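Undergrad: Sequence and computational prediction follow.
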Amino acid sequence: MKDKIEEEVKKKAIEGKLPCTIARMIAENFGVSYKTVGKAADRLKIKITNCQLGCF
């Protein structure tokens, strides 16, 4: 599961950045916490941007 989440984060990231709304969508689609997606982004050195809720 971790690999699939990282793959999706990589695919959706643009120039090393992932918008918060997309990160939340990934978490909801995979049925995991926002924190799980945030950790995947951290491992990939991808920054979460435009975070409205402070989740990441």
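TA: Structure's in. What do you need? Numbering: from 1, shown residues only.

Undergrad: any idea how far stretch 20-28 is from the chain center?
TA: 6 Å (C-alpha atoms, centre = their mean, to the nearest Å).

Undergrad: Ok, stretch 22-36 next?
TA: Centroid separation for stretch 22-36 versus its chain: 7 Å, with C-alpha atoms, centre = their mean.

Undergrad: Pull out the buried residues from that stretch.
TA: 22-24, 26-27, 32, 34, 36 (16 or more other C-beta atoms under 10 Å). (Glycine included, C-beta is placed from N, CA and C.)

Undergrad: Just list the residues touching G16, thanks.
TA: 45-47 (C-beta atoms under 8 Å, 6 or more residues apart in numbering).

Undergrad: Could you rerun that using 6 Å?
TA: I46 (C-beta atoms under 6 Å, 6 or more residues apart in numbering).

Undergrad: Please apply the same query to the one 4 residues further on.
TA: Contacts for C20 were tallied using C-beta under 6 Å, 6+ apart; they are 48, 50-52.

Undergrad: Looking at these, which has the smallest pLDDT value?
TA: Among those, Q52 carries the weakest pLDDT, at 71.
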